[in-house]
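Colleague: Could you look at this predicted model? Sequence included:
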Amino acid sequence: MAFRARFLDRWAAEFLAAHPGATVLHLGCGLDTRVHRMDPPPEVAWFDVDFPEVVELRDRLFPGRPGYTTIGSSVTETSWLDRVPADRPVLVLAEGLVYYLDEAGGRELFRRIVDRFPHGEFVFDALSPFGLRLQVLNSPVRKAGARMHWAVGGPGDLESIHPRLRCRDAISALDLPGYDRLARGLRLATRLMRAVPAMRRAAVFYRLEF
């Protein structure tokens with residue numbers, strides 16, 4: 001999870017460096033401190049979006065800051081988008097979220113965002129159909145009573161959502177920087193999983209542009 005957060009922070013920083021007055025939609029933000037650790041300038045309009053009870057807890061735990069807004073809503077009940085100005089480039093961050101959405105609702109969310117903004121990027125992690133089947137082995141997911149739904153077969157699945165979408169990057173979770181710093185046994189396990197194509201594609205980080 002730490003590798004995942006650091007990697008998506010890097011992609012987010014690249015976008016904000018190129019678009020210093022952008023809008024950021026951090027979907028399913030939970031209690032992530034991304035807006036504080038990235039510390040964007042007040043010219044960035046940053047929106048953290050999650051269920052109302054999550055946002056209520058965020059607002060109690062974390063300080064406000066210039067340019068920062070929280071929105072309490074299910075991300076797929078897209079009327080919340082009406083609260084976001086549509087005149088800037090947009091960065092959509094969805095860490096650990098996409099596979100929990102049902103496919104129809106997720107695709108409609110992506111379409112609504114692409115239709116609303118002039119241009120932007122989506123950055124997120126997704127699971128392949130094989131990766132989705134592996135959820136039965138994921139102890140934290142089982143203990144939470146959670147269920148993953150949306151599997152992404154590859155860039156073509158995502159580009160088919162909207163004619164304006166193009167896949168800029170698709171990187172296996174097993175290729176994220178930092179694995180060389182793990183304990184020897186974990187490094188060996190990672191190398192073995194990389195050698196199996198289905199395992200290497202099980203979890204992928206995508207950067208889509210439009």
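Modeller: Received it, and whenever you're ready, just let me know what you need. Residues are numbered from 1 along each chain as shown.
Colleague: is it true that Leu93 lies in a helix?
Modeller: No: with DSSP: H, G, I helix; E, B strand; the rest coil as the criterion, Leu93 is located in strand rather than a helix.
Colleague: which one is it nearest to, not counting chain neighbours?
Modeller: Once flanking residues are discounted, Leu93 sits nearest to His26: 4.7 Å by Cβ to Cβ, 6 or more residues apart in numbering. In this view, the C-beta of every residue, glycine as well, is placed from N, C-alpha and C.
Colleague: helix or strand for that neighbour, which one?
Modeller: In the assignment (DSSP states H and E), His26 maps to strand 23-27.
Colleague: Which SSE is immediately downstream of that strand?
Modeller: helix 34-38.
Colleague: Please point out which parts of that next one sit buried.
Modeller: Within helix 34-38, the residues that qualify as buried are 34-35, counting by 16 or more other Cβ atoms under 10 Å.
Colleague: Check stretch 124-136 too.
Modeller: Buried residues in stretch 124-136, counted by 16+ other Cβ under 10 Å: 124-128, 130-132, 134.
Colleague: what do you get for stretch 82-90?
Modeller: Neighbour-count burial for stretch 82-90, counted by 16+ other Cβ under 10 Å, picks out 84, 88-90.
Colleague: can you give me how far the helix or strand of the chain with the lowest mean pLDDT is from the chain middle?
Modeller: Least confident helix or strand, the chain: helix 139-144 with a mean of 75, by mean pLDDT, DSSP states H and E. Centroid separation between helix 139-144 and its chain, computed with Cα atoms, centre = their mean, to the nearest Å, is 20 Å.
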